[in-house]
Structures are given as C-alpha cells and as structure tokens.
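A.B. asks: this one's sequence-less:
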C-alpha cells in the first residue's frame, strides 16, 4: 500500500487536469471491475456489477494547485489559486507543471508573512526573460506541489493526500471485493476542490440509491490545535456533518454498525467547515441518502499532509464491510 | 443600433420583462422555436442544416440595480441592491423606477452639511434614499410601488475612437452577441438562451440547460467582463484589457473551462489573425459554470468583451472587441460544424 500511496500522491493532477491520475487508477483496477469509463467532466467511473441496489463511492482525484495568469518581462510567473491555499504556507515551495517544468514560489522581499497574498507571490521557473518563460509555460497552464512522499513507520507525509488517499482506499477495496449483493460504482471524481463539481454530474448519471464520499478530515491533535474530536491513528472517521452535508442517519448508522460488527476502529467526526463529494451527491435529483468516510489527516491543504496507515486500512475494511451487506435492507 | 436599444432597456434580476420582450421582437424571424421557461429564461432554437454538434449560446438579460423596499412619510424611497453594487457609485445618480420609468435621484447630503468625519468614509447603503420629488407618502405611492426595480438613467453613445459608453454592458453585450450570431449563416443546430437572475446567483442558468432537447454538446456563455487596465492596477492584476480582443476564460469561481473548446477557439483566432486574450483572474461566477454542471455535464467556456467600470452606472467598451467576439465565435462554430467536437 505504501508504494501505491507514494505513486498516486506524486502524480500531477490539479483540478481540471486529472488525466494522469485517471491513467494510474485505470491500470490498478484493470481486471477487478466489470467496466470503466471516463465521463464528460473527466470522472473515472469503475463499475462492479451486482444484482441489488446501486451504491456509489466517490473519492476525488484532483489536488489544489495554481494557474499562471501573467508572465513578467523578467520571466517570472504570476498565478492564481486553484482551490484553497493559505498564502503564507507557499513561500519556498516547489511546483511542477504538466509538461515537467519545475519552479519555486517566492514573494516580494518587503512582504511580512501575515500580509502575503497572491498579488505578492510569484513562481520562478529559472527563465531568463519573458520569451524563454513563454517557451516553457503558457498563461492558463496549471501546476501542483512537487514533493516526495515519505514514510515514518505507519505515518506517511506528502502532498495531495487530499484526496488521493481516498482513491487508494477505493482501489484497495475494489481489488479485494470479488462479489457483492449491491451494484457498486467506484467514482474517482474531478474538480472537488473548486466546488464538488465532478461528483454532481457523475451522481446524476449513475443515480445511485446510496452515496458515500471518501475524503480527508482535519484532526484536533496538534499543539494548540483546533477543537476537533478526530485524532490521527484513532481509526476511520465516520462523518456526522460538515458544511456541505448532514450525513443521512441511515447511512451513518449503517457505517457505525459495520464498524462495530467487524471490530473496525472508528471515531465520529463533526466538522463545522469544509465539504465533500457527499454534499453534491445527496442533492442529486430527488435526493440520495449519503454519508462520508473520512480519513484523519494532519495539515490538510498544505504541501505536507500526514496520514496514518492503520486509519487508511480501517477505511478499506469499512468499505468492504458495507458492500458485503445488501443495502436494500438498510434503506427499507 | 441594437446595443443602444438593449442597454437602455431596464432588466433587473427577476424583472427582465422589458429586455425579454425586446429580444423576442429582435429574434422572432431568425429562429425556428422560441419559448420562455418557468423562471423566465428565453430559450430560442435555430435548427441549422446539419445534425450536430448542438451548441448552446447563453447570455444573461439582467443587470445590477436596486429595488424599492419602503416609502417613507416624507415621500422619499428606501431601496436595497439587486446584485453586487459598490455603494460609492450611487450617490447623486439619476435613476428610473418601475415599469413607468419614473425619474428619481439618489440623494446625498451636501458637502456644506457634512461633518469632516463623514467625508472620509463612503456613505453606507442604509443612509441613501431615492427622491422622486413627491411631497409625501401618498403622492409617492401614486408613482411607484414597493418592489419596483430601479435602473440607472444612462444613455448609450459612441465615444472617442471606436468606443461606446452606456449602462448594463454586463450583460446586454452578451445578448447582442447572441442576436448577431443568429443573423449569421451558421449550419449547426444552435440554442440562443437569454437567462435571468445571473447577478443574484447564476439562477436562470441553473435550470436553462436542463430540458433542452436535443441536448447541447457544448455551451458558450458571453459576457461583458471586467477590464482592469486602469490607473492603480499593476499589469499582473489586469483581468482583461480594452482593445486587445475577445477574452477567453480559463477559470472563474464557477468554472474550469473545457480545454478542447479553449484550444479550438485559440486555433481559430490564430488562423484568422483575430486578436484575443485570456481572462486572467479567477474571481466571479458565470452562467457557464452552472450550465457545465447540468445533468451529466456540458463542456463550456466563456467569451467576453472587455468592459471598464462594470457594475456601475456607466461602462466603456471597444467596438472592435465586441465585433471580434461575434466574428471569432462564428468562425469557431463553422470550424466545429465541419470538423466536429470531441468531448
């Protein structure tokens, strides 16, 4: 699993540019599902056919990133954000473009950290002037963080754990689930970071009977950290609510039952901000009972997001436990 | 002139009737089908000569403005904004109220009566009022009603070298582009959809694409967008520049543009020597964002004519930019009519 996590988190894929992630996931799932297709928005949908009701799992492939808006005559790139960053975390970071061009982010030298914003930041790709820069990147090109993903025992640190770790869980589950009473759709969605967009259109097309998002959630276990119940290493986090969804009681209780019956370590998560694909799925058509399996993650939306492999494994077990039960019984 | 007729009409979010009626008259002989949906979107369809790709063109009919919310004892009117308005642009402006276009002025305290502290800050919306010259509440009620829409009293005219000034360029410019495109000889099936309530949350567009049959293969929205090439802005802050041609959107707060469409438009511009630019900021949402998320998704982007000073009583646009938006779009549509469009 460590190898897959390293490979998938190091792949380029800011919102709207997810095709390299699609290729990686497709190769992993080949032979494990009945059909795979990419829809109009770019979502990868892997379908494992079953006789019963439709359950849709969704993990998003896109990562937060940056888009070039202007090239200075000296060759520096001005940029805007794709998804939510904290500008003061950006100075000194390395970024990579789809074509392999790398750069680093720095800022106007007279700027205090708390005054940092996108207007004062730039990317240096080592171009000596505008003409050379334009031969390397174009306005509208996007880039993502460029870091190695590393492991210390059971803990892994890297960028884009949000939400490639959710993708890993669905890949592992899909590889292990040989049959199910349910009709399973594993959706690897696009453009979550800019507004849950891929999940919206894929849920419309699939029209599932139950929706489950898999996404990271911040923890409250760091020094002077936020007042959050979730701790790294305390198991899979079953979401009660966030800003985008109140988990449907049937789905939330289904998750809790499966966790308890299978001795899967779990914790309940209440988040006051943030959203996941479940926020889009549950409002599709006439409404779809939905919930979220959260992966505890420290430093979400930073270049160094940390997860615990035992939590990740607990999430895989929860997905497997859910699909083993006929969801028609749960929804009745 | 079409732009003059469209921009001088009143069309506030939810009160787009005057603009819709005007557009109906303009396009009735140009299209094969025309209907108004439940929210008020005007949906027109021109069958074309081939089966596809089917294209949806969209522009919004509403403009930012005000709504009368209260009539006071002394005959002065309270109001609330409809859409994003900077209160600093309101003071001492001429306005027109309701379907009868009752003239009024937005009152302000003369400088003689202001305390020095009052001169430093913008007057908040809550302290502004509209004066229609009524002596009391009863007289005011004969002229206006609570809920009446208020637009700026701005005349359209040409100015300088090939520029025009007027109100509501966001987005009557887009409406005019759609009407002009309906007059061109375009072979593919074309929806021209004039949407409502964009300025209050992209609302008309949220439903406009839902029951189009045949379903569109791609969508283009047209806007009069911010040109920020003005003093006080550094070049890397510019969104678009006046006179530099149509602005193609790559991303805004509602949309990441479909790459095939953007690439196709850029190719057509370069093949035909049409100046173009990218819209270089990512703020603001557009109808294209909502349309792109309809049902299973519709590939989309936005093509804009740069306009300075939008969301104010007066904007300025370069006519070459405007004409190029029409020409570029026509040529792009001809290209995909021949070569197809792959999602």
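C.D. replies: Cool, the structure landed. If you're wondering where the values come from, they're calculated on a predicted model, not measured in any experiment.
A.B. asks: Show the contacting residues for residue 40.
C.D. replies: Unless you meant another one, I'm taking chain A. Neighbour list for residue A:40: A:201, B:296-299, B:343 [criterion: C-beta atoms under 8 Å, 6 or more residues apart in numbering or on different chains]. In this view, the C-beta of every residue, glycine as well, is placed from N, C-alpha and C.
A.B. asks: other chain: chain B
C.D. replies: When contacts are counted by C-beta under 8 Å, 6+ apart, residue B:40 is found next to B:14, B:16, B:20, B:196-197, B:204.
A.B. asks: Then residue A:137?
C.D. replies: The contact partners of residue A:137, taken as C-beta under 8 Å, 6+ apart, are A:68, A:71, A:77, A:97, A:99, A:101, A:125.
A.B. asks: Buried ones among those residues?
C.D. replies: Listed as buried from the contacts of residue A:137 are A:68, A:71, A:77, A:97, A:101, A:125; burial here means 16 or more other C-beta atoms under 10 Å in any protein chain shown.
A.B. asks: bridging residues for the closest residue to the fourth one other than its chain neighbours?
C.D. replies: Read that as residue A:97. Nearest residue to residue A:97, sequence neighbours excluded (C-beta to C-beta, 6 or more residues apart in numbering or on different chains): residue A:143, at 4.6 Å. Taking DSSP bridges, one finds residue A:66, residue A:97 as the beta-bridge partners of residue A:143.
A.B. asks: ok so, going back, can I get the buried ones among the contacts of residue A:137 in TSV with secondary structure?
C.D. replies: Converted to TSV, the buried ones among the contacts of residue A:137 look like this (DSSP: H, G, I helix; E, B strand; the rest coil):
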residue	secondary structure
A:68	strand
A:71	strand
A:77	strand
A:97	strand
A:101	coil
A:125	coil
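A.B. asks: Doesn't residue B:204 lie inside a strand?
C.D. replies: No. Assessed with three-state DSSP, residue B:204 is helix; it does not lie in a strand.
A.B. asks: I'd like to know how far it sits from residue B:295.
C.D. replies: Distance from residue B:204 to residue B:295, counting by C-beta to C-beta, to the nearest Å: 16 Å.
A.B. asks: the more surrounded of the two?
C.D. replies: Just comparing residue B:204 and residue B:295: by other C-beta atoms under 10 Å in any protein chain shown the higher neighbour count belongs to residue B:204, 28 against 16.
A.B. asks: Hmm, the more buried one is touching residue B:41, no?
C.D. replies: Yes. Assessed by C-beta atoms under 8 Å, residue B:204 is found in contact with residue B:41 at 4.7 Å.
A.B. asks: Mark out where each domain of the chain begins and ends.
C.D. replies: Just so you know, I chose chain A. Annotated domains of chain A cover A:2-63+A:159-331, A:65-145 [automatic domain parsing].
A.B. asks: my question was about chain B
C.D. replies: As given by automatic domain parsing, the domain ranges for chain B are B:2-63+B:167-339, B:66-152.
A.B. asks: quick one on the thing from earlier: okay if I get the buried ones among the contacts of residue A:137 as TSV plus pLDDT?
C.D. replies: Below are the buried ones among the contacts of residue A:137 laid out as TSV (pLDDT from 0 to 100):
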residue	pLDDT
A:68	95
A:71	95
A:77	97
A:97	97
A:101	98
A:125	97
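A.B. asks: Of those residues, which is the nearest to residue B:211?
C.D. replies: residue A:68 (38.4 Å; C-beta to C-beta).
A.B. asks: Quick check: the closest one vs chain B, distance?
C.D. replies: 9 Å (C-beta to the nearest C-beta, to the nearest Å).
A.B. asks: Quick check, that residue in contact with residue A:122.
C.D. replies: No. Using C-beta under 8 Å, residue A:68 and residue A:122 do not qualify as a contacting pair, with a distance of 10.2 Å.
A.B. asks: For the two, list the residues in contact with both.
C.D. replies: A:77-79.
A.B. asks: Measure how buried the residue in the stretch 1-150 of chain B positioned nearest to chain A is and give me the count.
C.D. replies: At 12.8 Å from chain A, residue B:53 is the closest residue in the stretch 1-150 of chain B, using C-beta to the nearest C-beta. Other residues near residue B:53 come to 19 when the count uses other C-beta under 10 Å.
A.B. asks: One more: the one 5 residues further on?
C.D. replies: Here the neighbour count serves as a burial measure; for residue B:58 (other C-beta under 10 Å) it reads 33.
A.B. asks: What are the neighbouring residues in contact with residue B:153?
C.D. replies: By C-beta under 8 Å, 6+ apart, the contact set of residue B:153 is B:93-96, B:103.
A.B. asks: Deepest in the core, which of the domains of chain A is it.
C.D. replies: Counting by mean count of other C-beta atoms under 10 Å in any protein chain shown, domain A:2-63+A:159-331 has the highest mean neighbour count of the domains of chain A, with a mean of 21.
A.B. asks: End to end on it, go ahead and measure it.
C.D. replies: From its first residue to its last, domain A:2-63+A:159-331 covers 36 Å (C-alpha to C-alpha, to the nearest Å).
A.B. asks: who in the stretch 201-343 of chain B is up against chain A?
C.D. replies: B:234-238, B:250-251, B:254, B:256, B:259, B:262, B:278, B:280-282, B:292-293, B:295-299, B:343 (C-beta under 8 Å from any C-beta of the partner chain).
A.B. asks: how about the helices of the stretch 51-200 of chain B, start to end?
C.D. replies: Using DSSP state H, counting those that start in this stretch, the helices of the stretch 51-200 of chain B run over B:137-143, B:169-183.
A.B. asks: Put together TSV for the ones you listed, with distance to residue B:325 on each row.
C.D. replies: Conversion of those to TSV gives the following (distance: least, C-beta to C-beta, whole Å):
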stretch	distance to residue B:325
helix B:137-143	39
helix B:169-183	5
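A.B. asks: Would you reformat these as JSON lines and include mean neighbour count, mean pLDDT and distance to chain A?
C.D. replies: Output for these, formatted as JSON lines (neighbours: other C-beta atoms under 10 Å in any protein chain shown; pLDDT from 0 to 100; distance: least, C-beta to the nearest C-beta, whole Å):
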{"stretch": "helix B:137-143", "mean neighbour count": "15", "mean pLDDT": "97", "distance to chain A": "42"}
{"stretch": "helix B:169-183", "mean neighbour count": "26", "mean pLDDT": "97", "distance to chain A": "21"}
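A.B. asks: Compare those helices and give me the one nearest residue A:269.
C.D. replies: When those are compared by C-beta to C-beta, helix B:169-183 sits nearest residue A:269, at 42.1 Å.
A.B. asks: Which other helices and strands does the closest one contact?
C.D. replies: helix B:2-8, helix B:17-27, strand B:55-60, strand B:190-195, strand B:218-226, strand B:300-308, strand B:315-318, helix B:319-339 (3 or more C-beta pairs under 8 Å, 6 or more residues apart in numbering or on different chains; DSSP states H and E).
A.B. asks: buried ones in the first one?
C.D. replies: Of all the residues in helix B:2-8, those buried under the rule 16+ other C-beta under 10 Å are B:3-8.
A.B. asks: quick one on the thing from earlier: please identify the deepest-packed of the domains of chain B.
C.D. replies: domain B:2-63+B:167-339 (a mean of 21).
A.B. asks: Determine which residue lies closest to the centroid of chain B.
C.D. replies: The centre of chain B sits closest to residue B:171, judged by C-alpha atoms, centre = their mean, with a distance of 1.3 Å.
A.B. asks: how close does residue A:194 sit to chain B?
C.D. replies: Counting by C-beta to the nearest C-beta, the gap from residue A:194 to chain B is 6 Å.
A.B. asks: if I pick that residue, what's in contact with it?
C.D. replies: The contact partners of residue A:194, by C-beta under 8 Å, 6+ apart, come to A:15-16, A:62, A:82-83, B:256.
A.B. asks: Need the residues you listed in TSV (columns: pLDDT).
C.D. replies: Below are these laid out as TSV (pLDDT from 0 to 100):
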residue	pLDDT
A:15	97
A:16	95
A:62	98
A:82	95
A:83	94
B:256	95
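A.B. asks: Please flag which of those sit within strands.
C.D. replies: Judged by DSSP state E, strands contain the following of those: A:82, B:256.
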